[in-house]
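Novice: any chance you can model this:
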Amino acid sequence: MAGFLLMIMLAVADQTAAKILSGTVDTFDNFHFLTRFCFRPQHGQASFTFTYRRENVERVIPTYNSLLMYYDGDQQWDAVYKTSLACHDKVNLLVKQNDADQIAELRETAEQYCSQENNTAPLINCTSNFGKKESLYAVGDPNIVTFHDGYIGFQNSRARWWYFAISNCDNPNGVTRMAYTVELTNGDTFWTKHVSADEIGILETDIVFLILFIYLIIASSKVARILAKRQLYHTSFKIFMAAVILQGVTAVAMVVYRIMINFNGEENKVVKYFGKAVGGIAETLFILLLILLSKGWTVVRGRLSTQGTMILSASITFYFIAQVVTLFWSAYMFDPGEVVYEYESLPGYLTIVCLILMWIWFCTCNYHTLANYPAQNKFYGIFFLAYSIWFLAKPIMVLVAAFQLQDHYREKTVNVVLNSNLFFGYSVFLVLTRPSTNNKMFPYNVKTSQIGVSETADEIVDASRPKASSFERTNMFRASGAINGKRSDAYAVGFSSVSYNAETGNMDAFNQYSNGDQDSQN
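Specialist: Prediction:
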């Protein structure tokens, strides 16, 4: 796992994006996508600085670039991006729609680019003048010409995506090479200034969930200490603890990532994908735990069949790999000129299909376990209902996000729903396993100290009872594990009918033994 995290961090180490952008346009295309941003109603502003080298523009025929601004919709950005339209047609689309103010020629001029008195585009409010200005990069260098605007305001009636492109349709060599600096803002407050409108509110939400997950870690640690004291700290609860702690690390990483954006407009993808990678590991561990418990592991049976173990290992590994590929795909393969959700890709859909198949498997295992061990119906009834909701929430949310939610609502909505689902899943498990006399669903029936080792290591003897008959011993659970500080290939972990007082930690009776290899088809 550590190697996987290192691989993620190295892969995206140079992958940074920002709401304050700087770089160089250097392409042979006549139409070049620059960036996009979702502006709030009445609050959006954009500030640009473009720098040419004089020899690049002062030729026999001057070749200045133009800044084009399209908003979302079938009649604007969708009509020009990744279409067969020629460069002039993409520019003329704005002219024909009476949106000439969405075109800014990046050349020396004494005229204002647009003004309130002559503003034909109702979505644009400009106080901009792309006139010649003293170079910001090399003061006194006569070979550098800089064009700088005051700001461009965007008067939207709703949150709206705007797309910025550079064009130079008359230059046979493509867009004239130039440096640029872009600052995109949504108001002046810390919580909104550098945040795209579709992400406003996510930092506050992430802080709330960080507090909730910290509380969950503390509560889980207290329960773990109680279980350990009463010798009921089974491996399944240890897996749960690992998943919860990793989810807490994810919450911290995502809050740090969001704070960096809000503070200086810089999006650090190393922090972002580190958090997502750790979250993927936590989710995979939790799914592994749910499948194991649905098979009765550490509740009514001690070990899985060899075939069942191999199938489970392969399935969990495949799901984890699908998550890894989805992360890399979103980091490198997504087109920045399109608003695409993280799972809108072949690996993303494959991950969702895997999750649905895991749920079907989970249901099948629960059915067989309940059919063979009806005494555990209180635990497995709630377990099945709660985690069926948990398994299906993510696929449903992904489908709704991809096909129903508008782009400017999607990111914040998905963030709230998926975080709520994760917290729900961990909380339910903690409630089910709390050691209390009022908890009739408590799953753990055998203390870790009440496990003995037989001479052949294939039979299991309860150390707290007189030696059982040959028939009884052959019907006990078997599993691999460490027993009383010794390494063994067999130990007992559960019986189907036990009276246990979770508050006092006393085991009242052992009434029935079960074969650990029974129901190996689960």
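Novice: in three-state terms, label L184 for me.
Specialist: strand (DSSP: H, G, I helix; E, B strand; the rest coil).
Novice: confidence score at the closest residue in space to it that isn't next to it in sequence?
Specialist: Closest residue to L184 apart from its sequence neighbours, by Cβ to Cβ, 6 or more residues apart in numbering: F37 at 4.2 Å. All C-beta atoms are positioned from the backbone trio N, CA, C, and that covers glycine. Note for F37: predicted pLDDT of 91.
Novice: is it true that F37 lies in a strand?
Specialist: Yes. Under three-state DSSP, F37 sits within a strand.
Novice: for the chain, what's the longest helix?
Specialist: In the chain, with assignment by DSSP state H, the single longest helix is helix 235-264.
Novice: going on from that one, what's the next piece of helix or strand?
Specialist: strand 266-268 (DSSP states H and E).
Novice: same for that following strand, what does it pack against?
Specialist: strand 16-18, helix 235-264 (3 or more Cβ pairs under 8 Å, 6 or more residues apart in numbering; DSSP states H and E).
Novice: so for it, what gets flagged as buried?
Specialist: E267, N268 (16 or more other Cβ atoms under 10 Å).
Novice: got the buried residues for the longest helix of the chain?
Specialist: 235-237, 239-241, 243-258, 260-262.
Novice: what's that helix packed up against?
Specialist: So helix 235-264, by 3+ Cβ pairs under 8 Å, 6+ apart, packs with helix 202-229, strand 266-268, helix 269-294, helix 407-432.
Novice: which one, of those, ends up nearest to M178?
Specialist: Counting by Cβ to Cβ, M178 lies closest to strand 266-268 out of those; the figure is 22.3 Å.
Novice: can you say which of the helices and strands packed on helix 235-264 is packed in most?
Specialist: Mean neighbour counts were compared across the helices and strands packed on helix 235-264 using mean count of other Cβ atoms under 10 Å; the top stretch is helix 269-294, at a mean of 22.
Novice: low-confidence bits of the chain, can you list those?
Specialist: Within the chain, the stretches with pLDDT under 70 are 1-18, 54-63, 98-100, 107-151, 448-522.
Novice: if I look at the most centrally placed residue in it, how far off is K19?
Specialist: Centroid-nearest residue in the chain: K276, 5.0 Å away (criterion: Cα atoms, centre = their mean). Going from K276 to K19 by Cβ to Cβ, to the nearest Å gives 20 Å.
Novice: how about N156?
Specialist: Going from N156 to K19 by Cβ to Cβ gives 17 Å.
Novice: likewise for V25?
Specialist: The gap separating V25 from K19 is 18 Å, by Cβ to Cβ.
Novice: in terms of neighbours, single out the busier of those two.
Specialist: K19 (22 against 18; other Cβ atoms under 10 Å).
Novice: so what's that one up against?
Specialist: F37, E183, L184, T185, H194, V195, S196, I261, G265, E266, E267 (Cβ atoms under 8 Å, 6 or more residues apart in numbering).
Novice: does W161 have beta-bridge partners, and which?
Specialist: C38 (DSSP bridges).
Novice: neighbours around it, how many?
Specialist: 21.
Novice: quick check, it in contact with V339.
Specialist: Yes. Counting by Cβ atoms under 8 Å, V339 is a contact partner of W161 at 6.2 Å.
Novice: against R36, how distant is T185?
Specialist: On the measure of Cβ to Cβ, T185 and R36 end up 14 Å apart.
Novice: want to throw the contacts of K19 into CSV with distance to D407?
Specialist: Shown next, in CSV, are the contacts of K19 (distance: Cβ to Cβ, whole Å):
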residue, distance to D407
F37, 12
E183, 22
L184, 16
T185, 19
H194, 19
V195, 15
S196, 10
I261, 18
G265, 21
E266, 23
E267, 18
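Novice: from those residues, list the buried ones, please.
Specialist: Counted by 16+ other Cβ under 10 Å, those give F37, E183, L184, T185, H194, V195, S196, I261, G265, E267 as buried.
Novice: what residues are up against the second one?
Specialist: Right, E183. K19, I20, L21, A46, S47, G265.
Novice: let me know the secondary structure of the residue nearest to M178 when sequence neighbours are not counted.
Specialist: Nearest residue to M178, sequence neighbours excluded (Cβ to Cβ, 6+ apart): Y52, at 4.9 Å. Three-state call for Y52 (three-state DSSP): strand.
Novice: wait, isn't Y52 in contact with T176?
Specialist: Yes. With contacts counted by Cβ under 8 Å, Y52 reaches T176, the gap being 6.6 Å.
Novice: can you tell me, leaving aside adjacent residues, what's nearest to D29?
Specialist: Nearest to D29 is G174, by Cβ to Cβ, 6+ apart, at 5.2 Å.
Novice: roughly how far does that neighbour sit from V25?
Specialist: Counting by Cβ to Cβ, the gap from G174 to V25 is 9 Å.
Novice: now L68
Specialist: 13 Å.
Novice: any residues in contact with both of these two?
Specialist: With Cβ under 8 Å, 6+ apart as the test, L68 and V25 both reach I166.
Novice: quick one, phi/psi of L67?
Specialist: L67 adopts backbone torsions of phi -100, psi 120, taken as degrees, to the nearest 10.
Novice: isn't it right next to F164, touching?
Specialist: Yes. L67 lies in contact with F164 (Cβ under 8 Å); the separation is 6.7 Å.
Novice: for the residue nearest to D29, give its distance to K90.
Specialist: G174 is 14 Å from K90, by Cβ to Cβ.
Novice: what residues are up against W77?
Specialist: Shown in contact with W77 (Cβ under 8 Å, 6+ apart): Y70, Y71, W161, Y163.
Novice: let's see that with 7 Å instead.
Specialist: The contact partners of W77, by Cβ atoms under 7 Å, 6 or more residues apart in numbering, come to Y70, Y71, Y163.
Novice: let's have the residues you listed in TSV, adding distance to I218.
Specialist: Putting the contacts of W77 into TSV (distance: Cβ to Cβ, whole Å) gives the following:
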residue	distance to I218
Y70	50
Y71	47
Y163	46
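Novice: now do the helices in the protein.
Specialist: Assigned by DSSP H, the chain shows helices spanning 2-11, 54-57, 77-80, 87-96, 202-229, 235-264, 269-294, 306-332, 346-372, 377-403, 407-432, 470-474.
Novice: nearest approach to P443 belongs to which of those?
Specialist: helix 377-403 (4.7 Å).
Novice: buried sites along the closest one?
Specialist: Per 16+ other Cβ under 10 Å, helix 377-403 contains these buried residues: 379-380, 383-384, 386-387, 390-391, 393-395, 397-398, 401-402.
Novice: ditto for stretch 21-33
Specialist: Counting neighbours by 16+ other Cβ under 10 Å, the buried set in stretch 21-33 is L21, V25, N30, F31, H32, F33.
Novice: start to end distance for that stretch?
Specialist: End-to-end distance for stretch 21-33: 13 Å, by Cα to Cα, to the nearest Å.
Novice: residues in contact with that stretch?
Specialist: Contact with stretch 21-33 is made by 35, 87, 90, 165-169, 171, 173-175, 177-182, 337, as judged by Cβ under 7 Å, 6+ apart.
Novice: can you flag the buried ones in those residues?
Specialist: Buried subset of the contacts of stretch 21-33 (neighbour count, 16+ other Cβ under 10 Å): 35, 87, 90, 165-169, 171, 174-175, 178-182.
Novice: which one of these is nearest Y409?
Specialist: T35 (20.9 Å).
Novice: is the closest one in contact with V182, as I believe?
Specialist: Yes. Contact criterion Cβ atoms under 7 Å: T35 and V182 qualify, at 6.1 Å.
Novice: now the closest residue to V414 other than its chain neighbours: how far from V340?
Specialist: The spatial neighbour of V414 that comes closest, neighbours along the chain excluded (Cβ to Cβ, 6+ apart), is A401 at 5.0 Å. The gap separating A401 from V340 is 11 Å, by Cβ to Cβ.
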